[in-house]
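Chemist: based on what follows, work out the 3D shape:
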Amino acid sequence: MEVCGHFGSSMKRILSLLLLSISINVVHAQFDENHAIYSTGEFNVGNYIGLDLNLNYVFKEKYSVKMGYSANIRKTKSQPDDYSTGLSGLALLGLIDPYDFLENYQIGVGKVYNLNQNGTIRLNATVGLGYTIVTEPANWKKLDSGFENENYSWNYRERNTISLILNPKIEFPFTRVYGITISPMIQINKHTTYVGIGVGKMIGLLRGRLD
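Modeler: Predicted coordinates:
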């Protein structure tokens, strides 16, 4: 049940960021022709899976700033080879299985390169730092239990650190308000590394009208 609680907390953070992104429609009219501000949301697949949500600002289609939140999960790497949830775990469809969680509150800066003349394909290459929360099962202890119960006890250990985040995102702003993204990403810290790629959407004021 700790897994459910952890995911519930993560979903609250995600919903807060989504609500923040809705405000883009309000600020749209306040930006002049050299500015763009928009939200991006990608589903990530790699050595973890999860979500990456960001607010992005682009100046003169050349320089970018982003801030956001990512949440990723994988089957834990510390699990003993003979670990079993027993019959009770099977009945709960894996909800009590141990997982590794990787969360980041991130900020980055970058350079934008238009890859075609009309600006509908561009590379937004950002580098940044993340405040990272790594949560993993620990303190595994073998139990003398029947086949119907878990055969190990364990608890989650949370560690906080700083990550280097490399994110050379390919953006396709097909219109001024909607597009899609392909987003390779590397997150590196002293506890773990995420390597993967995301696919998602971009919504907001995506391109300015340059003179």
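Chemist: dihedrals phi and psi, the nearest residue to residue 115 once chain neighbours are set aside?
Modeler: The shortest distance from residue 115 to any non-neighbouring residue, by C-beta to C-beta, 6 or more residues apart in numbering, is to residue 121 (4.3 Å). For glycine as for every other residue, the C-beta is placed from the backbone atoms N, C-alpha and C. Here is the backbone geometry of residue 121 (degrees, to the nearest 10): phi -140, psi 120.
Chemist: contacting residues around residue 121?
Modeler: 114, 115, 170, 171, 172 (C-beta atoms under 8 Å, 6 or more residues apart in numbering).
Chemist: which residue sits closest to residue 56, ignoring its sequence neighbours?
Modeler: residue 66 (4.6 Å).
Chemist: element containing the one you found, please.
Modeler: Following DSSP states H and E, one finds residue 66 within strand 63-75.
Chemist: gap between that strand and the chain center?
Modeler: Taking C-alpha atoms, centre = their mean, to the nearest Å, one finds the center of strand 63-75 at 4 Å from the center of the full chain.
Chemist: that strand packs against which elements?
Modeler: Under the contact criterion of 3 or more C-beta pairs under 8 Å, 6 or more residues apart in numbering; DSSP states H and E, strand 63-75 touches helix 2-22, strand 35-46, strand 49-59, strand 99-114, strand 122-142.
Chemist: walk me through which strands that strand pairs with, and which way each runs.
Modeler: Strand pairing for strand 63-75, determined by DSSP bridges: strand 49-59 (antiparallel), strand 99-114 (antiparallel).
Chemist: got a markdown table for these, with mean pLDDT, mean neighbour count and distance to residue 76 too?
Modeler: Listed next are the strands paired with strand 63-75 as a markdown table, based on pLDDT from 0 to 100; neighbours: other C-beta atoms under 10 Å; distance: least, C-beta to C-beta, whole Å:
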| stretch | mean pLDDT | mean neighbour count | distance to residue 76 |
| --- | --- | --- | --- |
| strand 49-59 | 94 | 21 | 14 |
| strand 99-114 | 95 | 19 | 5 |
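Chemist: out of those, the one nearest residue 129 is which?
Modeler: strand 99-114 (6.5 Å; C-beta to C-beta).
Chemist: now do the closest one against strand 35-46: the angle between them, please.
Modeler: Inter-element angle recorded for strand 99-114 and strand 35-46: 140 degrees (by axes from the mean of the first three to the mean of the last three C-alpha atoms, to 10 degrees).
Chemist: can I get strand 99-114 in CSV? Just the C-alpha atoms.
Modeler: Only the C-alpha atoms of strand 99-114 are listed here, as CSV (Å, rounded to 0.1, in the frame of the first residue of the first chain):
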residue,chain,number,x,y,z
TYR,A,99,9.4,-0.4,-7.1
ASP,A,100,12.2,2.2,-7.6
PHE,A,101,10.9,5.8,-7.9
LEU,A,102,12.8,8.7,-9.5
GLU,A,103,11.3,12.2,-9.2
ASN,A,104,12.8,15.5,-10.5
TYR,A,105,12.0,19.1,-10.0
GLN,A,106,14.0,20.6,-12.8
ILE,A,107,15.1,23.8,-14.5
GLY,A,108,17.1,24.1,-17.7
VAL,A,109,18.3,26.5,-20.3
GLY,A,110,19.0,25.9,-24.0
LYS,A,111,19.5,26.9,-27.6
VAL,A,112,16.8,26.5,-30.3
TYR,A,113,17.8,25.5,-33.8
ASN,A,114,15.2,25.6,-36.6
